[in-house]
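K.L.:
Using only what follows, build the 3D model:
(one chain, ligands or ions: 1)
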Amino acid sequence: MMFFPSLNRRRNRALVGYLEPYMKDRDVVLDYGCGDGELMIHLQRACGENRKAIKVTGYDPVERAVSFRRWVTIFNSLVRLPKISYSVCLLVDVVHHMGERSQTVSSDVYDSVGEEFGKAISLITPHARILIKDYVISPSPFLAFSQRSFLAFKDSITNPKEVNKSFAYFTLHQWYQLFSKFNLRLITVQDVPYLPLERVYQSIAGKPVLFLLERNHSRPSRSCFPQP
Ligand SMILES: C[S@@+](CC[C@H](N)C(=O)[O-])C[C@H]1O[C@@H](n2cnc3c(N)ncnc32)[C@H](O)[C@@H]1O
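P.N.:
Have a look, this model is predicted:
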């Protein structure tokens, strides 16, 4: 979203309004795929205004020329990321970026998204909350095709560094398959209004949603942390 700085700021402020209520005092937040970190800064500020002190750490594999790292800590390598007890993992418009290059939405993309998503999940504590903001694509093949094409076009403009990637926009069924693969329990799914730029094309884009998930402790977990 580096392309339109003021639109990006408006987007971040709007999104923070949805994310902030899910934060608790003393949460240790990992913003996975944090981009330039602006969203984290707004979120931390909004929590502070509501008397919730949160600690935020960002990870993004791409180092930004322009970043907000003066105010937040961003790591570009998972090896360097502090192994602390993250109680919240944010994945805001990130999962659809986790597909490998030149693949269509097939089982291959599932595999590569699954592999990358698994890295995020392995970093958090057993009782962490996982918040995913992303899109849900129509189950109708024709609509799905146009929604995916449109979102990919938009994402390649707003994220020029990702232009060679194969974006993975999931139907609700595909989302549930991903959650099930990682033994996650869906707590809520909330519609997120279309953000400023998105309103222009809302009839042809997927639906923006916010998923809240937790590990499903009634089944064996893949957590790297010992279970309580
Ligand atoms: C649309 S941006 C969203 C940035 C930020 N979360 C926000 O909402 O402002 C998508 C981000 O995902 C990052 N990304 C792409 N592939 C990733 C991966 N495999 N793991 C983590 N982040 C990834 C990109 O570098 C990019 O910064």
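
K.L.:
Output the longest strand along the chain as PDB, nothing but the C-alphas.
P.N.:
Using DSSP state E, we find that the single longest strand of the chain is strand 124-136. The C-alpha coordinates for strand 124-136 follow below in PDB (Å, rounded to 0.1, in the frame of the first residue of the first chain):
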ATOM      1  CA  ILE A 124       2.800 -17.800  19.300                       C
ATOM      2  CA  THR A 125       1.800 -19.000  22.700                       C
ATOM      3  CA  PRO A 126      -0.800 -21.800  23.100                       C
ATOM      4  CA  HIS A 127      -3.600 -19.400  24.100                       C
ATOM      5  CA  ALA A 128      -2.700 -16.600  21.700                       C
ATOM      6  CA  ARG A 129      -5.400 -14.900  19.700                       C
ATOM      7  CA  ILE A 130      -4.900 -14.900  15.900                       C
ATOM      8  CA  LEU A 131      -6.500 -12.000  14.000                       C
ATOM      9  CA  ILE A 132      -6.600 -12.300  10.300                       C
ATOM     10  CA  LYS A 133      -8.000  -9.500   8.100                       C
ATOM     11  CA  ASP A 134      -8.300 -10.700   4.500                       C
ATOM     12  CA  TYR A 135     -10.900 -11.400   1.800                       C
ATOM     13  CA  VAL A 136     -13.500 -14.000   1.200                       C
END
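
K.L.:
Parallel or antiparallel, list what pairs with it.
P.N.:
Strand pairing for strand 124-136, using DSSP bridges, gives strand 86-92 (parallel), strand 207-215 (antiparallel).

K.L.:
got the CA coordinates for the next helix or strand after the first one in PDB?
P.N.:
Stepping forward along the backbone from strand 86-92, the first helix or strand reached (DSSP states H and E) is helix 107-121. What follows is the C-alpha trace of helix 107-121 in PDB, where atoms were taken according to Å, rounded to 0.1, in the frame of the first residue of the first chain:
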ATOM      1  CA  SER A 107      -3.200 -27.400  -4.100                       C
ATOM      2  CA  ASP A 108       0.300 -25.900  -4.800                       C
ATOM      3  CA  VAL A 109      -0.700 -22.500  -3.600                       C
ATOM      4  CA  TYR A 110      -2.400 -24.100  -0.600                       C
ATOM      5  CA  ASP A 111       0.900 -25.800   0.200                       C
ATOM      6  CA  SER A 112       2.900 -22.700   0.000                       C
ATOM      7  CA  VAL A 113       0.400 -20.600   1.900                       C
ATOM      8  CA  GLY A 114       0.100 -23.400   4.500                       C
ATOM      9  CA  GLU A 115       3.900 -23.500   4.900                       C
ATOM     10  CA  GLU A 116       4.200 -19.700   5.400                       C
ATOM     11  CA  PHE A 117       1.100 -19.500   7.600                       C
ATOM     12  CA  GLY A 118       2.500 -22.400   9.800                       C
ATOM     13  CA  LYS A 119       5.600 -20.300  10.500                       C
ATOM     14  CA  ALA A 120       3.500 -17.500  12.000                       C
ATOM     15  CA  ILE A 121       1.400 -20.000  14.000                       C
END
